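Undergrad: 3D, please:
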Amino acid sequence: MKRRVLVVDDQLSIVRTLKTVLEIYGFEVDTAISSEDAISRLKAGSYHLVISDLKMEHDTSGFDVLRAARNTEYQPAVAFLTAYPLKAQDWQNQGAQALLVKPMNNREMLRQIDALLAAHESRGKCTNLTAAIDAPSPQK
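TA: Here you go, the predicted structure:
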């Protein structure tokens, strides 16, 4: 079973890039370009991980997404993606498990996602993403 990820960012180029990278490495990816869109998707589907920008429609849109994720029955892992790093206590106290800082190289991002999911998931067997990223890149 593929792990499902919801990528949320108001910058379409970031959404497309993350979607492509994550799909190459075996994730099933849905996207949203606003907190409102993300909240609708969280209610309609289920995800192992939500990666959300912090600042979208307003400076705290990412926290709206986080609260919606925390209110789901399936409780996905949540990572914030931002160019404006916060103090750890600011995002951890809200319930996020990771802070990914833009720009980030793909290898490091995938390592952090793998570690986050390995720590978070208690259901099923996690795919070892670290081994996949150390392998040669897939050819299209």
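Undergrad: so what's the most centrally placed residue in the chain up against?
TA: Nearest to the mean C-alpha position of the chain, by Cα atoms, centre = their mean, lies Ile51 at 2.1 Å. By Cβ atoms under 8 Å, 6 or more residues apart in numbering, the contact set of Ile51 is Val5, Leu6, Val7, Val8, Leu18, Val78, Ala79, Phe80, Leu81, Leu100, Ile113. In this view, the C-beta of every residue, glycine as well, is placed from N, C-alpha and C.
Undergrad: can you pick the most crowded of these?
TA: Highest neighbour count within the contacts of Ile51, by other Cβ atoms under 10 Å: Val8, with 31 neighbours.
Undergrad: distance of that residue from Leu22?
TA: Going from Val8 to Leu22 by Cβ to Cβ, to the nearest Å gives 13 Å.
Undergrad: Just give me the residues shared between the contact sets of the two.
TA: Residues touching both Val8 and Leu22 (Cβ under 8 Å, 6+ apart): there are none.
Undergrad: Just give the nearest non-adjacent residue to Asp30, would you?
TA: Leu6 (5.1 Å; Cβ to Cβ, 6 or more residues apart in numbering).
Undergrad: what residues does the strand or helix carrying Arg67 touch?
TA: Taking DSSP states H and E as the criterion, Arg67 maps to helix 61-70. Helix 61-70 has contacts (Cβ under 8 Å, 6+ apart) with 8, 10, 34-35, 38-39, 42-43, 47, 50, 52-56, 75-76, 78, 80, 82, 94-96.
Undergrad: pLDDT (mean, whole number) over it?
TA: Across helix 61-70, the average pLDDT comes to 93.
Undergrad: And that helix, what's buried?
TA: Across helix 61-70, burial judged by 16 or more other Cβ atoms under 10 Å covers Ser61, Gly62, Phe63, Asp64, Val65, Leu66, Ala68, Ala69.
Undergrad: Tell me the first helix or strand C-terminal of that helix.
TA: From helix 61-70, the next helix or strand downstream (DSSP H and E) is strand 77-82.
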